[in-house]
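Peer 1: Here is the input, now give the coordinates:
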Amino acid sequence: MLQLIRRKIRGVVAYIVVGIIIVPFALFGIDWLFSGLGGASPIASINSEVITQAELEVAANLKKRQLASRSDEQVDFADLDDNKIQQLTLSELVERKLLGQQAAALGMDIPPSVIDQHIIEVPQFQVAGVFVPELYQSTLRDNGYTPTYYKNRVRQQIQQLHLISGFTETAFVTNAEVQQMIKISRQERDLAYVEIALKSYMEKAKISTKEVQAYYDENPNEFMSERQAIVDYVEIKREDFYLPVSDDVLRQQYDVMFAEAQKQRRAAHILVEFTDAGEEAARDKLADIKRQIDEGADFEEMAREYSDDIGSADNGGLLGTSVGDTFPASFEQALSQLEIDEVSDIVVTEAGLHLIKRLEVGIVSFEESVDDIRTAYQQQQSQGAYIETVEQLDELAYDNVELAEIAEGLALTVKESEPFSVNLSSGIFANNDIIDTVFGDTPPLSENSPLTNISDDHALVYRIQRYIEPKLKEFAEVKEVITKQLKRDQARMTIEQIADDLLADAHTTGLRKAAKKNNHKLHDKGWITRSDLEINTQIIRQVFVAPCNEEKCETIDRLALDNENIVVIHIKGFRDGDPLTIDEDEREEIAAYLIRSDGDAVLDSFNSRVEDKAQIDLYY
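Peer 2: From the prediction side, this is the model:
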């Protein structure tokens, strides 16, 4: 069970452990601590367990920020209003509550040692890579958590993921399913195509100045400048509260960190699992591994090859550090008796048989860590003053005190922004909350904005000074843009007609003859796979969604690409993947993919059944 927890949960929990402390504070800013986010009024009840309005708003804000950060996706925020995001978030919260309840009902619990190990590995509780208890305690205290409450939150998150892993890790597939997947996933299709490039016809397009002027005159709304805003603002940065730190204090902080690191023992292991009937064979196997290590074999390489703990094997068996209460008692006892780089004899735990190697903790020198220590100390020491000042700014802004008066009272400076707009903004005024407020339906005219957190170390309040209304751009300013657009439109019409003509000829004579007749380059790719890197992915998708069977697999079709080119494709045949050509590693990867898919499907089905039986009440 040890490796199951580590394999499925370790990386995710590192994020969750940080998230529990960071979500309400760093992601949503200090105003979360003071605003209450709607209070504790219930918004839903799941089998009598309540979700509060505050929980929903925190989670919804996180969801919105996650969507905003996905630069690889085109997110239309016009379709993601707050109501829709809250509906989606509430559904996810209900599912989490149901998972937690099921995990508790099944008696799934997480040992305190596992929770402690994950906590000491959180970077926010470390200085120069070493866990500092005082930093851990102060961070919790500053954010309103007790250690007991915080650990309970971590335990619940790990518990839910443990339940999920029970489904995703226990699914199985048959050899016939693997064979069928190989035939489909490794299928090949015989492809030829002609690509008609928009760019080449844009270069040939002829557009007169008269046509450009006419388009400008007939479509003035397309050439209006954006509405811009200029705001006055006051800002607070945590770094403004940093005080100089003496060398003596830095040395004291390092000594505390060094003393804490000295208590820790760093371990790696090789695990061999066994059934009741197989312990002797497992002992023989591990004894042979120990013999090879004693004769000079590399421990890390032996762990990668032989360890059954797949959560640590790829990392040379590395488990992390302990102060004596992280691992099972027999494991800790053996580890405590080892010298640095010494390997134990066989150790028995509930997980199986182990060889344990004690590693050097790797304490960095004072000189290497002094900058990190100084920053961590300054952040910790400035926390109270920063929060207090931000709270004062929040209260003054709420009372609509003039910015000049606020600045005088808090020893700040009123600053003026550069003009910015919805699509032309940078720096702090590219903030989505500011954009939404300033250019929303009801902007706060003649009054202060709410406190806005640019980051967890930077907050501001602003007041709209004035707007710069849209105006028609000068013809000379947009002439080049219009010319390019008209050339694109002309070229698009040209290649559409060329593609239609080529497609008609191809249906009559075949693509090869049609391409030759019309002087187009034919790309005869022959047999291709779904993973062919030399061919546009849109073409690959179109080729492999086309219907093919033993009776017929010949398709001639056209496809518009995202780059605005048009492709005429000719699929001439197909052949299934051959299972005999797949090596064992690839076969295992395919089986693992099918297992994950089946496990996810079973989990979805389980969630649906649990939800159907649950008593879910929504109070809105």
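
Peer 1: When you work out contacts or count neighbours from here on, use the C-alpha atoms and nothing else.
Peer 2: Fine.

Peer 1: Could you list the low-confidence segments of the chain?
Peer 2: Along the chain, the model assigns pLDDT under 70 to residues 1-40, 62, 65-82, 142-145, 149, 169, 275-277, 311, 551, 620.

Peer 1: Contacts for stretch 213-222 next, please.
Peer 2: With contacts defined as CA atoms under 8 Å, 6 or more residues apart in numbering, stretch 213-222 is touched by 223, 472, 475, 479, 482.

Peer 1: gap between the two ends of it?
Peer 2: Stretch 213-222 has an end-to-end distance of 13 Å (criterion: CA to CA, to the nearest Å).

Peer 1: Give me the distance between that stretch and the centre of its chain.
Peer 2: Distance of stretch 213-222 from its chain centroid, counting by CA atoms, centre = their mean, to the nearest Å, is 44 Å.

Peer 1: Filter the contacts of stretch 213-222 down to just the buried residues.
Peer 2: Buried members of these, scored by 16 or more other CA atoms under 10 Å, are 223, 479, 482.

Peer 1: who does the helix or strand hosting the second one touch, helix- and strand-wise?
Peer 2: In this structure, residue 479 is located in helix 475-509 according to DSSP states H and E. Packed against helix 475-509, as judged by 3 or more CA pairs under 8 Å, 6 or more residues apart in numbering; DSSP states H and E, are the following elements: helix 198-204, helix 209-218, helix 511-517, strand 555-560, strand 566-575.

Peer 1: Check these for me and report the most buried one.
Peer 2: strand 566-575 (a mean of 20; mean count of other CA atoms under 10 Å).

Peer 1: just checking, what packs against it?
Peer 2: Using 3+ CA pairs under 8 Å, 6+ apart, the elements in contact with strand 566-575 are strand 188-196, helix 475-509, strand 555-560.

Peer 1: same for the last one, what does it pack against?
Peer 2: If I follow you right, that is strand 555-560. Under the contact definition 3+ CA pairs under 8 Å, 6+ apart, strand 555-560 sits against helix 475-509, strand 566-575.

Peer 1: now, of those, which is deepest in the fold?
Peer 2: strand 566-575 (a mean of 20).

Peer 1: Quick one: work out the angle between that one and strand 555-560.
Peer 2: 140 degrees (axes from the mean of the first three to the mean of the last three CA atoms, to 10 degrees).

Peer 1: Could you point out the helix or strand that follows strand 566-575?
Peer 2: helix 584-613.

Peer 1: re the thing from before, any chance of TSV for the helices and strands packed on strand 566-575, columns distance to residue 151?
Peer 2: Listed next are the helices and strands packed on strand 566-575 as TSV, based on distance: least, CA to CA, whole Å:
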stretch	distance to residue 151
strand 188-196	53
helix 475-509	59
strand 555-560	54
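
Peer 1: among those, which is nearest residue 615?
Peer 2: strand 555-560 (49.6 Å; CA to CA).

Peer 1: So what are the sheet partners of the closest one and their directions?
Peer 2: strand 566-575 (antiparallel) (DSSP bridges).

Peer 1: Alpha carbons of the partner strand, in CSV - could you do that?
Peer 2: Provided in CSV are the C-alpha atoms of strand 566-575 (Å, rounded to 0.1, in the frame of the first residue of the first chain):
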residue,chain,number,x,y,z
ILE,A,566,-6.9,24.4,-48.4
VAL,A,567,-5.9,20.7,-48.8
VAL,A,568,-7.4,18.2,-51.2
ILE,A,569,-6.7,14.7,-49.9
HIS,A,570,-6.8,11.3,-51.4
ILE,A,571,-6.9,8.2,-49.1
LYS,A,572,-6.1,5.2,-51.2
GLY,A,573,-6.3,2.3,-48.7
PHE,A,574,-5.6,1.2,-45.2
ARG,A,575,-3.9,-1.7,-43.3
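
Peer 1: Could I get the helices and strands packed on strand 555-560 in TSV, plus columns for distance to residue 404?
Peer 2: Shown next, in TSV, are the helices and strands packed on strand 555-560 (distance: least, CA to CA, whole Å):
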stretch	distance to residue 404
helix 475-509	39
strand 566-575	60
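
Peer 1: what's the closest of those to residue 560?
Peer 2: Of all the helices and strands packed on strand 555-560, strand 566-575 comes closest under CA to CA, at 4.6 Å.

Peer 1: what angle separates the closest one from helix 475-509?
Peer 2: Taking the same axes, to 10 degrees, one finds strand 566-575 and helix 475-509 inclined to each other by 40 degrees.

Peer 1: quick one, strand 566-575 and strand 188-196 angle?
Peer 2: Using the same axes, to 10 degrees: strand 566-575 against strand 188-196 is 170 degrees.

Peer 1: Residue 303: which of the contacts of stretch 213-222 is nearest?
Peer 2: residue 482 (64.6 Å).

Peer 1: could you dump the helices and strands packed on helix 475-509 to TSV with distance to residue 101?
Peer 2: Formatted as TSV, these follow (distance: least, CA to CA, whole Å):
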stretch	distance to residue 101
helix 198-204	58
helix 209-218	64
helix 511-517	61
strand 555-560	50
strand 566-575	49
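
Peer 1: Please consider this matter closed, and thank you.
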